[in-house]
Every structure is written in structure tokens, then in C-alpha cells.
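1. curious how this folds, go ahead:
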Amino acid sequence: MNSILYRIMGLMFLLIMGTVLLLTYLANEQMNFHFQQYLLAYHMNNGGRDVVVYITRDGQSVIIGRPEQDFLSSMHESLIGVGAFISLIGLLTSYALARSITVPLRKLSMATEEIKKGNFDQKVEVESRGEVGQLAQAFNRMSAALAENTRLRQRLLADIAHELKTPLAVIQGNLEGMLEGVVANDKEQLGSLYEETTHLNKLIHDLRDLSLAEAGQLQLDKEPVDISLIVTRALHMLEPLAEEKKIRLESRLAPVPPIFGDSRRINQVLYNLLANALRYTPENGLITVTVSPERRREQDWVMLAVADTGSGIAPADLPCIFNHFYRADTARDRKSGGTGIGLAIVKQLVGVHGGFVEVKSEVGSGSTFYVYLPVKET
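-> As a prediction, this is how the structure comes out:
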């Protein structure tokens, strides 16, 4: 009996059994009374010896012979014994049923206290498939998720410290050199320091946007947005950089309805995807931006795709491509490979708009990132 339903039914059955026993006892008393009435009438009519006189409940005397007395005594003893035995069985059964419910709950309570103390790696044994077992499984999933989130948070803090350490160390070293007269205080050196501070400032802003988006506290100024117009402007702004790297930019813009969103954040999504594509596309490569209407999950979407002809992403790296500070090419440093949170920001910004992102890639053939934004407000 794994289900609480059946356990409650068992307790109710015991209650009914007690009621039946009570009714049986009352019925026995009535039968005993009528049997005494029968004996009284019998001895009054036929007489007899070896009799015992009892006073009935209504004050009348009843004459019962020894055989009848022995019979009634044995019946009473049997009923008392059976009642005591059934009561004991009912008590033990009720205790077992109650224990089967309270013991797992007590274990869950103890594990919850451990989580309260910060020990997230807690797991309780699943001893049944009923409601209590389902509760234990849900608790184990929650505990595993908390432990994983704690691990990711600690890793994120370590990654942030590592990313901030490099530009700060460069700035500090150059400034110390300038103060000591070892490093020349010229325009070129100041330009290098300015580049480092710009990178550091961008990293801090990206981390702020990412944290706000993950916490669901990022403020959006929503309005009707024309995706095609945003794509046209972004390609025009990035065209000089693409020409410098000898990369062609193309757009395929189908008529799509406007979406309700924050144009600045959507523009940030597109810029991050294009910057990622420009970074990993070799010379004479091609980057194609596609906008088209899509029907998926029984809903209308505007699909924005950014495809490149770069080296592609290995299948083992695809599940992690949107993680914080993840770089598929570990040989790249933070300058050639970016900060490592651009795609994480893309996923979060699209998510706060009610959309989702996908990526398809093949090593040696390039990658395509798909952004789906809902046409209706969510």
C-alpha cells in the first residue's frame, strides 16, 4: 500500500471494524437478554433443578441451569478474546501504516534542515512509488538543482575574477611603470590603457545585463519593433569592419509583422551574434542574416538567423555554447575570443522577450544561430 489513499482507507477500515465489533457486542447483549427470557419461561412452565437465579435489568429473576450458564460463559470469554485480538491487530496495523508515512516525512524534514544550513548535496531514499515517494523524488531533484546552481555560481564568480584580473593587472602595471619612469608616458601607451579600460567597462556592463536578465529584473522599454530595419542598420554599421577582414555581409529579409519588444536589447542581440560571426569567419567568408516569419509550437514567430562560413562548432561544444565564459576554441584569449558571455547574454535577452535561441553547426562548414521572437506580446 504505497499510496496515502490506501493507507487512509486502511485506517478507515479499522474504524469500521471497531464499529462492527461494538455493534456485535450490543447484539450479543440483546441475544443474551432474550435467551434469559426464554429460560425464564421454560423453567416456569417445566420446573427444574440445579438452577441459578439471576436478576435481569428490568428487575425480574431468571432461572438458568448449569449447562446454559457454562454456554454463556464460554461465549462471553470467546467474544472478549476475539475482541482483544482484533484490537491488538488494529493497533499494530495502524502504527505500521502511520509509521510508513511519518518516517519518510521525518527524513525529508531532516534533509531540509541540512539544506537550510547550506549543505545542498542532500538525497533521501525513495522507498515507495506513492505520493510520499513522489515527494522524495521531487526533493532529490530540487536538491540536485540547488547543488548544481551553487557549483555554477562559484564557477561564475571564479571566472569573473579571472576576467577582471587581467585588464586590471595590465592597467596597474603600466601605471606603476609610468610613475617610476620605466614606461613612457606617451600617446601610444595611453591609448593602450584606454583600450584596456574600455574592455573592462564593456565586461562590467555585460555582466550587469546578464545578472539582471537571469534574475528577471532587466527593465525593458517595449514598443513595436521592425526587425528588418534593425538588421539593415546593424549591417550598415558593421560593413567597414567586415570589409577590413574581407568578409561579405548579406541579408535576406522577408516581410514580417512587427514584434513587441525593446529595440535596444534586440539590437544588442543582433550585434553580439554578428560580432561572434565576424570573429570566427575567415577572410573571403560570408555572413548571411535572414529574417522570416515562422510557425512553431502553435504560435507565430519572427525568425532571425545569423549564418557564417567559419570553422564551425564541435558537437561536444554545442550544449555549452550559451554558458558563461565558455569558448569552444580554448586557444583563443579574451581579446581574440571575446569575453565569453556574449552568447549567454543573447540567450537571456531573447528569453526575457518570451523567445528562444537555437544553434546548428557542422565542423568545417560554419554555424547558424536562430533567434525566435514572438509576434504577440508575452
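2. quick one, what contacts P255?
-> Residues near P255 by CB atoms under 8 Å, 6 or more residues apart in numbering: P293. Heads up, the C-betas are built off the backbone N, CA and C, glycines and all.
3. looking at this, it is in a helix?
-> No - read with DSSP: H, G, I helix; E, B strand; the rest coil, P255 is coil and lies in no helix.
4. please report how far it lies from I266.
-> 18 Å (CB to CB, to the nearest Å).
5. next up, the contacts around P167.
-> Taking CB under 8 Å, 6+ apart as the criterion, P167 is in contact with 196-197, 199-200, 203.
6. run the last query once more with 10 Å
-> Shown in contact with P167 (CB atoms under 10 Å, 6 or more residues apart in numbering): 193, 195-201, 203, 334-335.
7. and these as CSV, adding pLDDT and neighbour count?
-> Shown next, in CSV, are these (pLDDT from 0 to 100; neighbours: other CB atoms under 10 Å):
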residue, pLDDT, neighbour count
L193, 80, 16
E195, 79, 13
E196, 79, 17
T197, 84, 14
T198, 81, 11
H199, 75, 18
L200, 80, 17
N201, 82, 11
L203, 78, 19
R334, 48, 16
K335, 49, 11
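8. out of the residues you listed, flag the one nearest to M110.
-> Using CB to CB, L203 comes nearest to M110 of the contacts of P167, at 43.2 Å.
9. would you check that I115 makes contact with S143?
-> Yes - applying CB atoms under 10 Å as the test, I115 and S143 come out as touching, 6.6 Å apart.
10. now list whatever residues contact both of the two.
-> 121-122.
11. between those two, who's got more neighbours?
-> Neighbours per residue, other CB atoms under 10 Å: of I115 and S143, the larger number sits with S143, 20 against 16.
12. can you tell me the SS state at the more buried one?
-> helix.
13. residues touching M303, list them.
-> So, once contact is read as CB under 10 Å, 6+ apart, M303 ends up touching 227, 254, 256, 290-296, 355, 358, 370-373.
14. please pick the buried ones from the residues you listed.
-> Neighbour-count burial (16 or more other CB atoms under 10 Å) is assigned, among the contacts of M303, to 227, 256, 290-291, 294, 355, 370-373.
15. can you pick out the most distant pair from these?
-> T290 and G355 (15.7 Å).
16. A strand includes D121, no?
-> No - counting by three-state DSSP, D121 is not found in a strand; it is coil.
17. how many other residues sit next to it?
-> 13.
18. which non-adjacent residue is nearest it?
-> Spatial nearest neighbour of D121, chain neighbours left out: A147 (4.8 Å); criterion: CB to CB, 6 or more residues apart in numbering.
19. helix or strand with the lowest mean pLDDT in this structure?
-> Least confident helix or strand of the chain, by mean pLDDT, DSSP states H and E, is strand 51-55 with a mean of 49.
20. got the contact list for P257?
-> 224, 226-227, 293, 300, 302, 375-376.
21. name only those of those that count as buried.
-> So, of these, 227, 302, 375 end up buried under the neighbour-count rule (16+ other CB under 10 Å).
22. related to what we said a few turns ago, the residue nearest to D121 in helix, strand or coil?
-> Classified using three-state DSSP, A147 is helix.
23. correct me, but it touches F120?
-> Yes - under the criterion of CB under 10 Å, A147 makes contact with F120 at 4.3 Å.
24. re the thing from before, and the contacts of M303, which is the shakiest by pLDDT?
-> Lowest pLDDT of the contacts of M303: R296, 86.
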